[in-house]
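Fold the following.
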Amino acid sequence: MENNEINDQETPFIAFTSDYGFKATFGNESDTLFLRKALQVP
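The predicted structure follows:
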């Protein structure tokens, strides 16, 4: 059996809806491109 499947323990995932995930996504003042693009989505 090949081991090509992604294991959940190998790739860290932080839920966007958690407090830490929200702050990690939108709290970065040095890179605001994601925030600007997310707010411009119709």
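
can you list contacts of stretch 22-32?
The contact list for stretch 22-32, computed with Cβ atoms under 8 Å, 6 or more residues apart in numbering, reads Ile14, Phe16, Phe34, Leu35. In short, each C-beta sits where N, CA and C put it, glycine included.

distance between the ends of that stretch?
One end of stretch 22-32 to the other measures 14 Å (Cα to Cα, to the nearest Å).

just stretch 17-32 next, same as before
19 Å.

So, low pLDDT: which residues of this structure?
1-11 (pLDDT under 70).

Helices along that one, start to end?
19-26, 33-40 (DSSP state H).

Please pick the buried ones from the contacts of stretch 22-32.
Under a neighbour-count criterion of 16 or more other Cβ atoms under 10 Å, the subset of the contacts of stretch 22-32 counted as buried is empty.

Check the helices of the chain for me and report the most buried one.
Most buried of the helices of the chain, by mean neighbour count (mean count of other Cβ atoms under 10 Å): helix 19-26, with a mean of 12.

quick one: it to helix 33-40, angle?
90 degrees (axes from the mean of the first three to the mean of the last three Cα atoms, to 10 degrees).

Centre of the chain to helix 19-26, how far?
8 Å (Cα atoms, centre = their mean, to the nearest Å).

got it, and stretch 21-28?
Relative to its parent chain, stretch 21-28 has a centroid offset of 9 Å by Cα atoms, centre = their mean.

How about stretch 21-30?
Chain-centre distance of stretch 21-30: 9 Å, with Cα atoms, centre = their mean.

Check stretch 20-36 too.
Mean-position distance between stretch 20-36 and its chain equals 9 Å (Cα atoms, centre = their mean).

Likewise for stretch 35-42?
The answer for stretch 35-42 is 15 Å, by Cα atoms, centre = their mean.

ditto for stretch 13-21
In terms of Cα atoms, centre = their mean, the centre of stretch 13-21 is set 8 Å apart from its chain centre.

please begin residue numbering at 50 from this point
Renumbered: residue one is now 50, and that last one reads stretch 62-70.

ok, Thr74 to Phe65 distance?
Noted for Thr74: a distance of 6 Å to Phe65, by Cβ to Cβ, to the nearest Å.
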